[in-house]
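J.: predicted coordinates and the sequence they were generated for:
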Amino acid sequence: MKRFITLIFLAAALHLSAQKSLTIEQCYDLARQNYPLLKQHDLIQKTKDFTLQNAWRGYIPQINVNGQATYQSETTNFSDLFGGGPIVFGGHVIQFPTYSKDQYRITGEVSQTIFDGEATKFKKENAKVQAEVSEQSLEVNLYALRDRVNQVYFGVLLIDQELLQNSIQQADIQNGIDKTQALVNNGTAYRSSVDELNAQLMTVQQSRVELLSSRRSFLLVLGLLTNQQLDESIELTSPNTPNLSTEIKRPELMLYELQKKTYDVQSKQLETGLMPLISAYFDGSYGRPTLNTVSNDFGPFWIAGIKFNWSLTALYTMKNSRNIFGLNQNDLDIQKETFLFNTKIAMTQQDQDIKKYNDLVADDQKIVDLRVSVKNASDAQLQNGVITGHDYLTQVDAEAQARLNLILHKVQLLQAEYNHLNTTGN
């Protein structure tokens with residue numbers, strides 16, 4: 001099974017390396033699979049299994065072996081019961097045995113629990129809920145990866161849009177160079193106008209080099225997060241506008257409930273301290289003296305029976321212990337309430353960011369349309385020699401800046417929406 005799963009992941013990785021695009025959902029999944037903390041899943045499961053096995057073994061017969069060798073100051077002397085002398089009965093002298101002061105015993109005991117007050121049951125329940133808490137804690141840590149993926153993924157998307165705008169800006173400047181050069185050739189423009197446009201073109205080309213370098217850096221970080229070799233040809237797909245919800249489904253909420261559940265189990269487990277313990281046992285021994293009180297010889301002997309133990313000491317501490325568990329649960333309620341409060345504050349701020357970016361994008365689009373119109377007019381004026389290359393370059397730069405603002409706000413809007421998704425857990 002492990003080999004089969006490994007082959008599946010390997011095939012997925014090869015498929016990913018062969019394809020030219022990557023979605024943000026794929027990045028979430030790959031980052032999760034690659035995160036070292038994910039290995040704790042197996043450790044948690046194995047720990048739970050071992051703990052459950054140990055709990056079950058409370059009903060397996062228990063075997064104990066012990067031995068002792070003693071020397072005592074005196075032993076029982078039966079002749080003392082009859083004045084210290086021998087007893088004559090029917091013409092026969094009856095001699096009572098004398099116990100040795102050095103005595104020896106080795107014993108093997110086998111006991112079987114019959115009733116343990118449901119202690120084993122609650123040990124199993126506690127092991128299960130503790131494993132659930134550990135699993136959910138791991139989910140909380142893994143969920144935090146989504147924010148890190150968002151930062152890198154949307155950083156690449158922004159750079160991709162800036163590179164696209166950079167290409168448009170280069171094309172506009174090159175268009176101005178061609179038209180200004182034609183005017184210079186006709187003697188209606190100065191050479192300095194062409195030089196100024198060429199200098200700006202080189203500046204824009206330098207910006208492209210910096211953008212490509214930043215993109216490679218972002219892809220390197222994203223590759224480390226996802227354990228993928230992401231070359232420069234990879235295309236990150238722009239996510240669709242998500243459906244936002246105000247319902248909070250964060251994994252932390254389940255963690256709080258499971259932690260409260262542990263205190264419920266432990267509170268119920270207190271009752272087992274008031275229950276009697278019943279077990280059957282068998283002791284087999286070899287030593288001197290045996291159970292035969294009139295023999296001082298070595299020999300085997302055994303005893304079997306049922307043990308009953310009922311301690312009421314837990315009554316003294318049960319009430320306080322339950323109060324402590326109740327206080328711990330109240331503390332978790334406060335933590336949960338605080339978490340929800342902070343989450344709602346974050347959601348409110350994100351809602352305002354989303355509204356702000358929506359308004360900015362709407363205004364940016366109008367500004368871009370106006371700047372395009374002005375630039376197109378400047379293009380015609382440049383061709384006719386009405387304005388200089390410097391004047392044309394001013395309008396090109398203004399349009400480029402307007403487009404960059406539009407691009408920036410669109411990406412920021414999308415990132416704010418996905419941050420909202422992660423904040424709510426949807």
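T.: Perfect, thanks for sending it. Values in this document were obtained by computation on a predicted structure and should not be read as measured data.
J.: which SS class is Ala304?
T.: Put simply, Ala304 is strand when judged by DSSP: H, G, I helix; E, B strand; the rest coil.
J.: these two touch, right, it and Ser279?
T.: No - using CB atoms under 8 Å, Ala304 is not in contact with Ser279, being 11.8 Å away. Bear in mind the C-beta positions are built from the backbone N, C-alpha and C, glycine included.
J.: between the two, which is the more surrounded one?
T.: Taking other CB atoms under 10 Å, Ala304 and Ser279 do not tie; Ser279 has more neighbours (17 against 10).
J.: phi, psi of that one?
T.: Per-residue torsions, Ser279: phi -150, psi 150 (degrees, to the nearest 10).
J.: between Ala304 and Ser279, which contacts overlap?
T.: By CB atoms under 8 Å, 6 or more residues apart in numbering, Ala304 and Ser279 have no common neighbours.
J.: what distance do you get for Asn114 to Leu52?
T.: You called it Asn, but residue 114 is Ile. Distance of Ile114 to Leu52, given as CB to CB, to the nearest Å: 21 Å.
J.: ignore the last one, Glu247
T.: From Glu247 across to Leu52, the span is 35 Å (CB to CB).
J.: following the longest helix along the chain, which helix or strand comes up?
T.: Ranked by residue count under DSSP state H, the longest helix found in the chain is helix 315-383. Using DSSP states H and E, the next helix or strand after helix 315-383 towards the C-terminus is helix 389-424.
J.: which neighbouring elements make contact with the longest helix of the chain?
T.: Under the contact definition 3 or more CB pairs under 8 Å, 6 or more residues apart in numbering; DSSP states H and E, helix 315-383 sits against helix 145-185, helix 251-269, helix 389-424.
J.: ok, and the closest non-adjacent residue to Leu37?
T.: Setting aside the residues directly before and after it, Leu37 is nearest to Asn141 in space (CB to CB, 6 or more residues apart in numbering), at 5.7 Å.
J.: residues touching the host helix or strand of the one you found, excluding its own?
T.: Using DSSP H and E, Asn141 sits within helix 119-143. Outside helix 119-143, the residues that touch it by CB under 8 Å, 6+ apart are 32, 35, 37-38, 40-41, 44-45, 47-48, 51-52, 54-56, 58-59, 250-252, 254-255, 258-259, 261-262, 265-266, 268-269, 272, 275, 422, 425.
J.: and those, which of them are buried?
T.: 32, 35, 40, 44, 48, 51, 55, 250-252, 254-255, 258-259, 261-262, 265-266, 268-269, 272, 422, 425 (16 or more other CB atoms under 10 Å).
J.: would you list the phi and psi of Leu236?
T.: Residue torsions, per degrees, to the nearest 10, at Leu236 are phi -90, psi 120.
J.: since we're on the residue nearest to it when sequence neighbours are not counted, how many residues are nearby?
T.: In space, and not counting its chain neighbours, Leu236 is closest to Val156: 5.0 Å by CB to CB, 6+ apart. Applying other CB under 10 Å, we find 23 residues neighbouring Val156.
J.: can you list the domains in this protein?
T.: As recorded under automatic domain parsing, the domains making up the chain are 20-57+117-275+315-424, 61-115+276-309.
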